[in-house]
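any chance you could fold what I've pasted below:
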Amino acid sequence: MNQHAIVTRENWLQARKEHLHAEKELTRMRDQLAAQRQSLPWVKVDQNYVFDGADGPVTLADLFDGRSQLMVYHFMFAPEWTQGCKSCSLLADHYDPAIIHLNHRDVSMVTISRAPIDKLMTFRDRMGWNFQ
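The predicted structure is shown next:
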């Protein structure tokens, strides 16, 4: 464990203000980088992607479910695993209440994984999730 210096409140406040300045600079740089990413050109998707869904094959266009935007989360679940990633599972515990808010903002959300669809559906049911 790191040994921290014990200083006066004034010295701590000075160090904290310097750190806050660096944090704000990082935020500005992250905002600039995000703006650059958002202004990148697009590429037309010509390939007809088809996924295995709970009710059979689903095209990429189907995943949009009539909305103009699609949010895709890659749920880590390798075909040979017996259960999904712990961190992904924690996030997935919060999908169902969030999806309605995304839908109201013209966003569809789907989860993809490498595991076979039957294994995914079994895990989803075990966890009590409703999302696709």
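
give me the phi and psi for V45.
Dihedral angles of V45 (phi, psi; degrees, to the nearest 10) stand at phi -90, psi 110.

now it. Nearest residue, chain neighbours left out?
Distances taken as C-beta to C-beta, 6 or more residues apart in numbering put L60 closest to V45, at 6.8 Å, once the chain neighbours are dropped. In short, each C-beta sits where N, CA and C put it, glycine included.

any idea how many residues pack against that neighbour?
Using other C-beta atoms under 10 Å, the number of residues around L60 comes to 15.

correct me, but it touches Y49?
Yes - with contact defined as C-beta atoms under 8 Å, L60 counts as touching Y49 (4.1 Å).

surely Q132 touches D52?
No - the criterion here is C-beta under 8 Å, and Q132 misses it with D52 at 11.4 Å.

who has more neighbours out of these two?
Shown here are Q132 and D52; by other C-beta under 10 Å, Q132 has more neighbours (17 against 14).

which helix is the longest one in the protein?
Ranked by number of residues, the top helix in the chain under DSSP state H is helix 9-38.

elements contacting whichever helix or strand comes after that helix?
Scanning forward in sequence from helix 9-38 by DSSP states H and E, the next helix or strand is strand 50-53. Secondary-structure packing of strand 50-53 (3 or more C-beta pairs under 8 Å, 6 or more residues apart in numbering; DSSP states H and E): strand 56-59, helix 60-63.

returning to what we had before: helices or strands up against the longest helix of the chain?
Counting contacts by 3+ C-beta pairs under 8 Å, 6+ apart, helix 9-38 packs against no other helix or strand.

center of this structure, which residue is that?
Y73 (5.1 Å; C-alpha atoms, centre = their mean).

quick one, what contacts the residue lying closest to that residue once chain neighbours are set aside?
Nearest residue to Y73, sequence neighbours excluded (C-beta to C-beta, 6+ apart): T111, at 4.9 Å. The contact partners of T111, by C-beta atoms under 8 Å, 6 or more residues apart in numbering, come to 72-75, 92, 95, 131-132.
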